[in-house]
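Novice: quick one, structure for this:
(2 chains)
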Amino acid sequence: MPQTESSTPRTEHDAEFVALLNATWFGANLPPETQVRLAALSRRYQAPAGTTLLTEGQLANELGIVLSGRVSLRTLVPEQGWITILTVEPGDIFGQSALVPPYRSTSTVVALQPVDVLAMDGPGLRAALSADHDLAAVLYPRVLQALARRLNATRLQMLDLFAR
Amino acid sequence: MTADTTSASGFLPRAGFQQLIDLLAEGGRTVIGPTVADGAIVYGEVRSVADLPRGVGSEQAPGRFRLVDHADERYFAYAVGPTSWKRFVFPPTLTLAESHRDEHGHVSFGPARKEIPSLAFLGVRACEIAAMGIEDRVFLGGPYTDEDYRRRRAQALVIAVQCAEPGGTCFCTSMGTGPGIRGGHDISLVELDDGFIVTAGSEAGAAIVGRLALEETTADQVMAGADQLAAARERIGDPVVTAGLHDRLLAKLDSPHWAEIAERCLACTNCTAACPTCFCTSVSQRSDLDGHAATTERQWDFCFTKGFSAVALGGNFRPRVQDRYRQWLTHKFATWIDQFGTSGCVGCGRCITWCPVGIDVREELDRIAPPPEVIAGDGHAAEARAPRTSVFRVESVRRETHDTVTLALSTEATPDWEQSRGEFVMVSVPAVGSIPISISRRLPTGMELTVRGVGPASTILTGLEHGAEVGLSAPLGHGWPVPAAEDHDIVIVGGGMGFPPLRPVVDEILSHRGRFGDVHIYHGARTPGDLLYKEELAAWAAQGDLDVGVTVDRADATWLGRVGVVTQLFDQARWDGSKAIAFVCGPERMIQATVGTLGSHGITQDRIFISMERHMECGVGLCGHCQVGPFFVCKDGPVFSLAQLGDVFGREGI
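Specialist: The predicted structure follows:
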């Protein structure tokens, strides 16, 4: 991976991916050079409804951003079957286990609708983050923001406020 | 007061006092006055001077009351005992109404028939007259009135006696209510060793005083009366600094002192039972065995009981004793002023004397307000104002979820509520009770109510079928300020059973869609099976000019919609809230989270309206259950702006 410090997309691929990032709340308003770095690490794919994108316990090789469609984070409870803990909506991320040892998915991710995903290569992103502290300094707060939002929501869910 | 009444005055020798009792008792009137019973001075029937506590005084201190022998002839040389006149105008238990259900399922509601006794209150202190004035404000001064109280109060004669023997717990001087008598009586008495200075205070009083065998009052007698009043005032002192007490008290809602008091307080309710102004009540149903006839009975209730602020399914807004003590003290001395323009305390000292652990409010406090004006003393009839129960018929039942239905109800009598913006109705089920339910749709001849079966009454409602009858009050409370929201963007957030109260808001907007800007409707539920109005939500979403979001907290794999808390429906949305007005209803903790997210979109507190959930019984601000700080949720709300609620919103134990 060339370590160029440029904020100008070098290829058509990068320019398209920077535009896609800017259309999501997770990727918008990151510094241009960060977006270019991320674009270079990304691929884009579509999957039909019902596709399992990640399996709980398996290696999470990509950090995904939902561009359109809806994916569910599920876990299997033997007496209850599959329980959907959360749905990930356009603009939000899934597969953040790709950044956290042991890099194994903590839930099974299934597309509920046809989805369009921008996926960043996990090992490549980890290598870039450990080599480039400037990149880490802007990307980690964004990841933290996404996780904190999820943590706060989970707390409210745990309170089961609508039970009474 | 007319010249005629004030001129009826003179000195009644002690030997002539029985004549006063006899005149008061004329026409079947019962004289109630001080008697000695159970080791205390207790108000009971007085037929002759022999019933009065001759030569008996009282020694009072925090947690202590003892009768003492004065070895004199005086009848009124004691300070007030545990009873107050409240129980005779506001009985501890009272049958309010009767309801019936015949074999065809027809229901009827009517007031209970009862005789109102004619009473004369003999020996009323200045502090007690002030207490009557306060209760007049509570029961007669608001938009709804207590008809039973009005009639009892109007039929009672008040024979006041100047205080000459204050107790060790008195502080009327600080409260501005005594010890001198300043109106609100029919006859006033100043007791001296050999008799009474008698003065009429009303025409009814003058008619009696005019028939007494009075002597001319001497200057010495007047001076003796003035001297003993001055001595009483001197003995009481001015133990509570009342200036600024309201604000000082409300600024101390977070004081650690509340927890310290709660370590001593037993929450026994003695203070509230002995208090001459505490007015909270609860209502219960008494039914015959087959459930066809029932009476609605009201009992005194007390904010110190654990269940006082309980709501359905185990919720309780004041679970700790410190919450309840704070409610009582801040209500009595501060928020009562906001509600009724007068303090709720008259300084009679009963709550101190009769506290089993001797908690002394004078030591807990600093301030109080001016004496209240008497409203009902003239006895003139006033129009009764109470929510009437009308019979409504179930036109249709739509099942929303496994435990929730929407009832369409109509009445043949054209309701005159079309202009009412009331938010909820009290729904009465004979023999079971009345519960508040928010209107979930307004219909030309009635309304829809969405009911979740969680208690006895609501479970019966969810089982009603077409043609069944129930009783409904007119719409009550302050509803959503939808007209004021015209020309604004609208954000509606309803969680769980908090969504039905918002449905009329959506209806009103849709009937004048062009008057509003962008409209966002967000509904969160526990599970997909708990979602309400699914078809309507889908139709609103399909309409194209409404942004509709639906989410659930948990789901199985068959659910293809959103899963997550309701705030995630819009926390990353790109709309601008600077011109928006928000309407939010749901569990209080959900509202708190929602308010934070709305704030991050630029919606200020004066543009966020929420509906508060509290325990409601009467629906009109008379039973005391639903208080939040200075507000009665039923009467002043249930819809409030956040700015209006200030720091009482989200506070523990309020």
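
Novice: chain B contacts on chain A?
Specialist: Residues of chain A lying close to chain B by CB under 8 Å from any CB of the partner chain are A:25, A:49, A:70, A:72, A:74, A:80-87, A:89, A:91-92, A:110, A:112-113, A:149, A:152-153, A:156-157, A:159-164. The C-beta positions use only the backbone N, C-alpha and C, and glycine is treated the same way.

Novice: just the buried members of these?
Specialist: A:25, A:70, A:72, A:74, A:83-87, A:89, A:91-92, A:110, A:112-113, A:149, A:152-153, A:156-157, A:161-162 (16 or more other CB atoms under 10 Å in any protein chain shown).

Novice: that older thread, so which of the residues of chain A next to chain B belong to helices?
Specialist: A:149, A:152, A:153, A:156, A:157, A:159 (DSSP state H).

Novice: including pLDDT and distance to residue B:598, could these go into a markdown table?
Specialist: Converted to a markdown table, these look like this (pLDDT from 0 to 100; distance: CB to CB, whole Å):
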| residue | pLDDT | distance to residue B:598 |
| --- | --- | --- |
| A:149 | 94 | 16 |
| A:152 | 92 | 15 |
| A:153 | 91 | 16 |
| A:156 | 91 | 15 |
| A:157 | 90 | 20 |
| A:159 | 90 | 19 |
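
Novice: can I get those residues in a markdown table with distance to residue B:78?
Specialist: Compiled in a markdown table, these are given as follows (distance: CB to CB, whole Å):
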| residue | distance to residue B:78 |
| --- | --- |
| A:149 | 68 |
| A:152 | 62 |
| A:153 | 65 |
| A:156 | 59 |
| A:157 | 63 |
| A:159 | 55 |
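
Novice: endpoints of stretch B:541-548, how far apart?
Specialist: For stretch B:541-548, the first and last residues are 5 Å from each other (CA to CA, to the nearest Å).

Novice: quick check: mean pLDDT across that stretch?
Specialist: On average, the pLDDT along stretch B:541-548 is 94.

Novice: got it, and stretch B:557-570?
Specialist: Per-residue scores along stretch B:557-570 average to 94.

Novice: got it, and stretch A:64-74?
Specialist: Averaging pLDDT residue by residue across stretch A:64-74 gives 97.

Novice: contacts only, for the nearest residue to residue A:27 once chain neighbours are set aside.
Specialist: Of all residues not flanking residue A:27 in the chain, residue A:21 sits nearest, at 3.1 Å (CB to CB, 6 or more residues apart in numbering or on different chains). Residue A:21 sits next to A:27, A:28, A:30, A:35, A:38, A:39, A:65, A:118 when contact means CB atoms under 8 Å, 6 or more residues apart in numbering or on different chains.

Novice: mind running it again at 7 Å?
Specialist: Shown in contact with residue A:21 (CB atoms under 7 Å, 6 or more residues apart in numbering or on different chains): A:27, A:35, A:38, A:39.

Novice: kindly report the same for residue B:53.
Specialist: B:34, B:35, B:36, B:41, B:75, B:78.

Novice: and it, how far from chain A?
Specialist: Residue B:53 is 53 Å from chain A, where distance means CB to the nearest CB, to the nearest Å.

Novice: could you do residue B:242 as well?
Specialist: For residue B:242, the distance to chain A - CB to the nearest CB - is 42 Å.

Novice: all helices for the stretch 151-300 of chain B, in order.
Specialist: Secondary structure of the stretch 151-300 of chain B (DSSP state H, counting those that start in this stretch): helices located at B:172-175, B:203-209, B:219-236, B:245-250, B:257-264, B:270-274.

Novice: list the buried residues of the host helix or strand of the residue nearest to residue A:27.
Specialist: Residue A:21 is located in helix A:12-22, with elements delineated by DSSP states H and E. Applying a neighbour-count criterion of 16+ other CB under 10 Å, one finds A:14, A:17, A:18, A:20, A:21 buried in helix A:12-22.

Novice: do the same with stretch B:575-589
Specialist: B:577, B:580, B:581, B:582, B:583, B:584, B:585, B:586, B:587, B:588.

Novice: how far off centre is the one helix or strand the third one maps to?
Specialist: For residue B:581, the host element (DSSP H and E) is strand B:580-585. Taking the mean of its C-alpha atoms, strand B:580-585 sits 28 Å from the chain's own mean (CA atoms, centre = their mean, to the nearest Å).

Novice: do the helix or strand following that strand and chain A meet at all?
Specialist: Next in sequence after strand B:580-585, counting helices and strands by DSSP H and E, comes helix B:588-600. Yes: Helix B:588-600 lies within reach of chain A by CB under 7 Å from any CB of the partner chain, at B:589, B:590, B:593.

Novice: lowest-confidence one in the residues you listed?
Specialist: Confidence by pLDDT is poorest for residue B:589 among the residues of helix B:588-600 next to chain A, given 91.

Novice: brilliant, that's me finished.
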